[in-house]
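In: below is the structure, and that's it, no one-letter string:
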């Protein structure tokens, strides 16, 4: 499946790649050199830890570059009255008799602890493109689903502080 990214997501990924190549890579190479200078590599914990950090950084760079090559660019604009990416949505959960406020984001920014719900999550898929007042079934799996009502949609924009998730 191709990752769906907004133009802002692409910009953040490009910035992270540049930072990892220009700053983190340099620091990691220096750490390996310094640890290597401590002698016997077979029992040199610092050397093995430095190599592991260097390899992790290189792996992250490859992962992000591959994501950019295969991504599908999606718009983060939506109609005034429809749920779209980066909109803040107030949802009423019938089963729990409670409301929650979420912001709908692309999957690379999803973070349920911060109420950032991915468009790929069951609730994200269910409410994307829907309107305030609609009662919508959310299918979790073949055996369980529940209903929500969209109470309010706010056309918010990309929050530059959203982090791109790790892997």
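Out: Sure, I can see it. Note that the coordinates shown come from a computational prediction; the quantities given were computed from them, not determined experimentally.
In: where is the longest strand in this structure?
Out: With residue count as the measure and DSSP state E as the assignment, the chain has strand 144-154 as its longest strand.
In: note down every partner strand of that strand and its orientation.
Out: Take DSSP bridges as the rule and strand 144-154 pairs in its sheet with strand 88-93 (antiparallel), strand 135-141 (antiparallel).
In: any residues touching the first one, and which ones?
Out: Surrounding strand 88-93, the residues in contact under the criterion C-beta atoms under 8 Å, 6 or more residues apart in numbering are 83, 98-104, 123, 127, 146, 148-154, 156. The way it works is simple: take the backbone N, C-alpha and C, and place the C-beta from them, glycine included.
In: mind doing that once more with 6 Å?
Out: 83, 99-103, 148-149, 151-154, 156 (C-beta atoms under 6 Å, 6 or more residues apart in numbering).
In: tell me where this structure has strands.
Out: When assigned using DSSP E, the strands of the chain occupy the ranges 4-5, 72-73, 88-93, 98-105, 116-118, 135-141, 144-154.
In: could those strands go into JSON lines alongside mean neighbour count, distance to residue 48 and mean pLDDT?
Out: Shown next, in JSON lines, are these (neighbours: other C-beta atoms under 10 Å; distance: least, C-beta to C-beta, whole Å; pLDDT from 0 to 100):
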{"stretch": "strand 4-5", "mean neighbour count": "20", "distance to residue 48": "35", "mean pLDDT": "87"}
{"stretch": "strand 72-73", "mean neighbour count": "10", "distance to residue 48": "39", "mean pLDDT": "88"}
{"stretch": "strand 88-93", "mean neighbour count": "18", "distance to residue 48": "46", "mean pLDDT": "96"}
{"stretch": "strand 98-105", "mean neighbour count": "18", "distance to residue 48": "37", "mean pLDDT": "94"}
{"stretch": "strand 116-118", "mean neighbour count": "21", "distance to residue 48": "36", "mean pLDDT": "92"}
{"stretch": "strand 135-141", "mean neighbour count": "13", "distance to residue 48": "42", "mean pLDDT": "95"}
{"stretch": "strand 144-154", "mean neighbour count": "15", "distance to residue 48": "45", "mean pLDDT": "95"}
